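> Dropping the sequence and predicted coords here.
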Amino acid sequence: MTDTSIPSADQPVDEETVEATSTGTEEDAAETRQKKTPADSDLFRQSEIAADYVEGLLDILDYDGDIDELVSGGRPVVEVVGGRLQSLVGQRGATLEALQELTRLAVFRQTGTPSRLLLDVGGYRAARRKELAAVAKNAVEKVKEHGEAVRLEPMSAFERKCVHDVVNAMSGVESESEGVEPNRRIVVRPVD
């Protein structure tokens, strides 16, 4: 059976980089990575393609929303702002995650390159980042107080990254993900 899936945009597989790293010199690997890093203009083009796709979805659903496309943190971003958009976020962001994957596929279809596009609707991701920062800090406090590992609830890749970023910025603790989707979770533990 042939695998027709595309690499996950959160963990793209770059066979040329793997090959250059395993068979060539460090300079060859660095040069290959540099060639493969998308320029800001390519990233902005991805966000424009994604914005057009999302605009089409909003038209089909008869929803009103303002769409902003930008590049932030080395990745294309599309933000949708407006009233009556909560149904596009769904419970715990599940619908938003699905829309993001569909939008990434639309970008892939036009560019032939997997995208790390981030889609946000109604400021959900910014609000969720704040919530997750509080969850991470609480877990770190528990680990430091009791000296035992703390397992958090299963989270999406976006949510896990937010927690890892907070935990990695603190001393005396470390975090790692365990399990498989959709039950992948973070474990925060003391550093030996």
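Everything's here; your move. Numbers count the residues shown, from 1 in each chain.

> Name the residues of stretch 82-99 that come out as buried.
Going by neighbour count (16 or more other Cβ atoms under 10 Å), the buried part of stretch 82-99 is Leu85, Leu88, Val89, Gly93, Leu96, Glu97, Leu99. (Glycine included, C-beta is placed from N, CA and C.)

> With stretch 44-64 instead?
44-47, 49-54, 57-58, 63.

> any low-confidence regions in the protein?
Scanning the chain for pLDDT under 70 picks out the ranges 1-38.

> Mind checking which of the buried residues of stretch 44-64 are in helices?
Phe44, Arg45, Gln46, Ser47, Ile49, Ala50, Ala51, Asp52, Tyr53, Val54, Leu57, Leu58 (DSSP state H).

> Would you enumerate the residues in contact with the closest residue to the second one other than its chain neighbours?
Across the structure, with Cβ to Cβ, 6 or more residues apart in numbering as the measure, the residue nearest Arg45 apart from its sequence neighbours is Thr111 (7.5 Å). Under the criterion of Cβ atoms under 8 Å, 6 or more residues apart in numbering, the contact partners of Thr111 comprise Asp42, Arg45, Gln46, Ile49.

> 10 Å instead, please
Shown in contact with Thr111 (Cβ atoms under 10 Å, 6 or more residues apart in numbering): Pro38, Asp42, Arg45, Gln46, Ile49.

> what separates it from Ala50, distance-wise?
Distance of Thr111 to Ala50, given as Cβ to Cβ, to the nearest Å: 10 Å.

> How far away from the center of its chain is the helix or strand hosting Leu105?
Taking DSSP states H and E as the definition, Leu105 sits inside helix 94-111. Centroid displacement of helix 94-111 relative to its chain, using Cα atoms, centre = their mean, to the nearest Å, is 12 Å.

> what's the following helix or strand after it?
Taking DSSP H and E, what comes next after helix 94-111 is strand 118-121.

> Helix or strand next in line after that next one, which one?
Taking DSSP H and E, what comes next after strand 118-121 is helix 124-146.

> got the CA coordinates for that next one in PDB?
Output in PDB follows, covering the C-alpha atoms of helix 124-146 (Å, rounded to 0.1, in the frame of the first residue of the first chain):
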ATOM      1  CA  TYR A 124      -9.000  32.000  21.000                       C
ATOM      2  CA  ARG A 125      -5.300  31.000  20.800                       C
ATOM      3  CA  ALA A 126      -4.100  34.100  22.700                       C
ATOM      4  CA  ALA A 127      -6.600  33.500  25.500                       C
ATOM      5  CA  ARG A 128      -5.700  29.800  25.600                       C
ATOM      6  CA  ARG A 129      -2.000  30.700  25.800                       C
ATOM      7  CA  LYS A 130      -2.700  32.600  29.000                       C
ATOM      8  CA  GLU A 131      -4.700  29.800  30.500                       C
ATOM      9  CA  LEU A 132      -2.000  27.300  29.600                       C
ATOM     10  CA  ALA A 133       0.700  29.500  31.100                       C
ATOM     11  CA  ALA A 134      -1.200  29.400  34.400                       C
ATOM     12  CA  VAL A 135      -1.600  25.600  34.100                       C
ATOM     13  CA  ALA A 136       2.200  25.200  33.500                       C
ATOM     14  CA  LYS A 137       3.100  27.400  36.400                       C
ATOM     15  CA  ASN A 138       0.800  25.600  38.700                       C
ATOM     16  CA  ALA A 139       2.300  22.200  37.600                       C
ATOM     17  CA  VAL A 140       5.800  23.600  38.200                       C
ATOM     18  CA  GLU A 141       4.900  24.800  41.700                       C
ATOM     19  CA  LYS A 142       3.500  21.300  42.500                       C
ATOM     20  CA  VAL A 143       6.600  19.600  41.200                       C
ATOM     21  CA  LYS A 144       8.900  21.900  43.200                       C
ATOM     22  CA  GLU A 145       6.800  21.500  46.400                       C
ATOM     23  CA  HIS A 146       6.400  17.700  46.300                       C
END
